[in-house]
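Novice: here you go, sequence then predicted model.
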Amino acid sequence: MSEAAMPAAQHFHDLYRDHRGWLESWLRRRMSNGSDAADLSQDTFLRVLASSQRIAELQEPRAYLATVGKRLLANFYKRRSLEQAYLDALMLLPEECVPSPEQRWLLLEALQALDELLDGLPVAVRRAFLWSQLEGLGYAEIAERLQVSERTIKRYMAQAYEHCLLVEW
């Protein structure tokens, strides 16, 4: 069978076989936990499988896998930081207000989804949007906190709303 006629599944299988060990080692050097590295390695290959990238056309498969892995690694640490901030906030609540483990899981998932939704927005725009939506602050209060004009806050909010409407899930 010619290279061009080889099915995509075989190309993926070959990529996985040839580079999984390398990728997992590469991730392990950047993480403190081998299990997390193994999970991220698998997630990387799942992303590659789900992508539109034609595996047979990869010139530098390790560079491509490292790029996908770096993105997943950044998301991993971002999520861990978000989870820790949430757990720190929970510790400040009176015991009767602390959510159940199921509620905590749902809240963490919602926080992660919100974080992903707002990813890519400038920090000031994110802050303005979150203060407005989560704390109920008015534009004047937000403008004072960010030390900008109310008109700028209106632009920020329009930018955030447009971003939320246009983001692909």
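Specialist: Nice, I can see it.
Novice: show me which positions of stretch 8-27 end up buried.
Specialist: By neighbour count with 16 or more other Cβ atoms under 10 Å, stretch 8-27 contains the buried residues His11, Leu15, Tyr16, His19, Arg20, Leu23, Glu24, Trp26, Leu27. Heads up, the C-betas are built off the backbone N, CA and C, glycines and all.
Novice: what's the domain layout of this structure?
Specialist: 1-98, 120-169 (automatic domain parsing).
Novice: which of those domains sits closest to Ala110?
Specialist: Smallest distance to Ala110 across the domains of the chain (Cβ to Cβ): 10.3 Å, for domain 1-98.
Novice: biggest helix in the chain by residues?
Specialist: helix 61-91 (DSSP state H).
Novice: by contact count, what packs against it?
Specialist: helix 8-30, helix 34-50, helix 101-118 (3 or more Cβ pairs under 8 Å, 6 or more residues apart in numbering; DSSP states H and E).
Novice: if you average pLDDT over each of the ones you listed, which comes out lowest?
Specialist: Across the helices and strands packed on helix 61-91, helix 101-118 has the smallest mean pLDDT, namely a mean of 86.
Novice: what is the subsequent helix or strand relative to it?
Specialist: Helices and strands here follow DSSP states H and E; after helix 101-118, the next one along the chain is helix 123-134.
Novice: okay, buried residues for that next one please.
Specialist: Result for helix 123-134 [16+ other Cβ under 10 Å]: buried residues Ala124, Val125, Arg126, Arg127, Ala128, Phe129, Trp131, Ser132.
Novice: just those residues now: which is nearest Arg80?
Specialist: Set against Arg80, the nearest of the buried residues of helix 123-134 by Cβ to Cβ is Arg126 (19.0 Å).
Novice: coming back round to it: mind checking the domains of the chain for the one nearest to Arg104?
Specialist: Using Cβ to Cβ as the criterion, the shortest distance between Arg104 and the domains of the chain is 7.3 Å, found for domain 1-98.
Novice: quick revisit: just send the helices and strands packed on helix 61-91 back as CSV, with distance to Ala85 too.
Specialist: CSV is the format used below for these (distance: least, Cβ to Cβ, whole Å):
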stretch, distance to Ala85
helix 8-30, 22
helix 34-50, 19
helix 101-118, 9
